[in-house]
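> just the structure for this:
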Amino acid sequence: MTGGASVDDDLVHAEVRAALVQMQAALEVEVVELRSAGAQQGRECHGGVRLTSGAKRATYAFGDVPGARLTDDLPVKLVLPYDAGEVEGDVVSHRDGELVVGIARDVGAVIDHAVLVTDASFLLERLAARLGEVLEDEVEVDLLSMARALGLAPVHAGTAPVPDDVAAALNEEQCAAVALGLGSDLTYVWGPPGTGKTTTVAHLVAAHYRAGRSVLLVSNTNTAVDTAVLRVAELLAEEPGFAAGSVLRHRAVVLDELRERYGDHLAADEVLVRLRAPLLTERGRLAAELSDLGEDGSAADRRALRERLEQLDRKLDVDEPALLDRAGVVAATVYQTWLGGLPDRAYDVVVVDEAS
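Residues are numbered from 1 along each chain as shown. As a prediction, the model looks like this:
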């Protein structure tokens, strides 16, 4: 946000790297212990009902599966009956007596029986590997921001003016938190349940977005991410560009209210389908016109139609990573930021909800 105090960059970077080495070593120890305890497990699951289905992913809900609670984004394999093979996926959510998994293909409306294979060490192993990539300079990171978060570098604390609409919607303490979040390098907001932390976070995200800053909004579970991005969507739904994907939810939407109210504006795959629909219709019309023109039409007319088709094809050649790369606000779980799938881009602001 602002410059902050002068620091010895070389010393700070060395201290951050030393801290990362300790984190990586601790993670590797935990991975070894989990594997020695039998981290990979197979769980029987029955009565899976399809919730959503897309070109590359489908989600299924099962009655609770025996065993320890499974972490959101934990990779899984679903071994299907009757020699139907296995399909890879991940845990979307596991709470309130229901397990929701996302898998790489639609296998029908109902999964009567399957074996869910999980490896509890995978996420820790992947995080350790990611830290290794940082230490080997294979991944570009902001070491100074990391140092501030670890208490290894000074933090500039200041305030910035709070927009009038924010001041009208929040109480004095919430406004003060937004002012700090807009004017400081690093801000922590603490409060007991029911004090409006997520509402405050949403107004902070919206204020940064309206100021032209890109925001990565993360939390530990898909439900927490959805709750936060729902509040953000309520604030930004009337903003120019919202319908075109300026605010995007990466991967699964698990909150019914979010899906029903804003799903086709927030879920990246649904935004692509909606944006492509009129372009595909126009492309079909032009292709038919070119076909009808045949050899009887002039060369200039055929060339003009082909050029318009090429222009449409370029507009249609936008995939999900490209859409995420240009969004002003991207929401995801913490795991999803380093498991892959998000474009490798820098954000002006990172907001972590439910950080404890």
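
> so which strand or helix has residue 117?
Using DSSP states H and E, residue 117 sits within strand 110-119.

> list the strands paired with that strand, with their directions.
Next to strand 110-119 in the sheet, as set by DSSP bridges, lie strand 40-53 (antiparallel), strand 75-79 (antiparallel).

> so which of the ones you listed comes closest to residue 151?
Closest approach to residue 151 among the strands paired with strand 110-119 (Cβ to Cβ): strand 75-79, 32.5 Å. For glycine as for every other residue, the C-beta is placed from the backbone atoms N, C-alpha and C.

> what about that closest one, average pLDDT?
For strand 75-79, mean pLDDT rounds to 91.

> can you pull out the helices in the stretch 151-300 of the chain?
For the stretch 151-300 of the chain, applying DSSP state H, counting those that start in this stretch gives helices covering 164-169, 172-183, 197-210, 222-236, 256-266, 268-293, 299-316.

> need these in a markdown table (columns: mean neighbour count).
Shown next, in a markdown table, are the helices of the stretch 151-300 of the chain (neighbours: other Cβ atoms under 10 Å):
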| stretch | mean neighbour count |
| --- | --- |
| helix 164-169 | 14 |
| helix 172-183 | 19 |
| helix 197-210 | 23 |
| helix 222-236 | 22 |
| helix 256-266 | 17 |
| helix 268-293 | 14 |
| helix 299-316 | 12 |
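
> got JSON lines for the ones you listed, with mean pLDDT and distance to residue 31 too?
Below are the helices of the stretch 151-300 of the chain laid out as JSON lines (pLDDT from 0 to 100; distance: least, Cβ to Cβ, whole Å):
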{"stretch": "helix 164-169", "mean pLDDT": "94", "distance to residue 31": "44"}
{"stretch": "helix 172-183", "mean pLDDT": "96", "distance to residue 31": "35"}
{"stretch": "helix 197-210", "mean pLDDT": "96", "distance to residue 31": "32"}
{"stretch": "helix 222-236", "mean pLDDT": "95", "distance to residue 31": "24"}
{"stretch": "helix 256-266", "mean pLDDT": "92", "distance to residue 31": "34"}
{"stretch": "helix 268-293", "mean pLDDT": "83", "distance to residue 31": "31"}
{"stretch": "helix 299-316", "mean pLDDT": "82", "distance to residue 31": "43"}
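
> so which of the ones you listed comes closest to residue 14?
Minimum separation from residue 14 across the helices of the stretch 151-300 of the chain (Cβ to Cβ) falls at helix 172-183, 29.2 Å.

> which stretches in the stretch 1-150 of the chain count as helices?
Assigned by DSSP H, counting those that start in this stretch, the stretch 1-150 of the chain shows helices spanning 9-36, 122-135, 143-149.

> any chance of the ones you listed in a markdown table, plus mean pLDDT?
Shown next, in a markdown table, are the helices of the stretch 1-150 of the chain (pLDDT from 0 to 100):
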| stretch | mean pLDDT |
| --- | --- |
| helix 9-36 | 92 |
| helix 122-135 | 89 |
| helix 143-149 | 91 |
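
> out of these, which gets nearest to residue 201?
Between residue 201 and these, the shortest gap by Cβ to Cβ is with helix 143-149, which sits at 16.8 Å.

> what are the buried residues along that closest one?
The neighbour-count check on helix 143-149 (16 or more other Cβ atoms under 10 Å) flags 143, 144, 146, 147, 148, 149 as buried.

> which other residues reach it?
Outside of helix 143-149, the residues within contact range by Cβ atoms under 8 Å, 6 or more residues apart in numbering are 4, 7, 9, 12-13, 15-17, 153-155, 185-186.

> kindly recompute the last result at 10 Å.
Contacts to helix 143-149, defined as Cβ atoms under 10 Å, 6 or more residues apart in numbering, come from residues 4, 7, 9, 11-17, 19-20, 134, 142, 152-156, 184-186, 188, 350, 352.

> which ChimeraX command selects the buried ones in those?
The ChimeraX selection below is limited to those of the contacts of helix 143-149 classed as buried (16+ other Cβ under 10 Å):
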select :4,12,13,15,16,20,134,152,153,155,184,185,186,352
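
> now the helices of the stretch 151-300 of the chain as JSON lines including distance to residue 344?
Output for those, formatted as JSON lines (distance: least, Cβ to Cβ, whole Å):
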{"stretch": "helix 164-169", "distance to residue 344": "32"}
{"stretch": "helix 172-183", "distance to residue 344": "25"}
{"stretch": "helix 197-210", "distance to residue 344": "21"}
{"stretch": "helix 222-236", "distance to residue 344": "20"}
{"stretch": "helix 256-266", "distance to residue 344": "22"}
{"stretch": "helix 268-293", "distance to residue 344": "16"}
{"stretch": "helix 299-316", "distance to residue 344": "23"}
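
> which one of the ones you listed lies nearest to residue 84?
Nearest to residue 84, of all the helices of the stretch 151-300 of the chain, is helix 268-293, at 24.8 Å by Cβ to Cβ.

> what's near enough to touch residue 122?
Each residue near residue 122 by Cβ under 10 Å, 6+ apart is listed here: 31, 34, 39, 40, 71, 73, 74, 75, 76, 90, 339.
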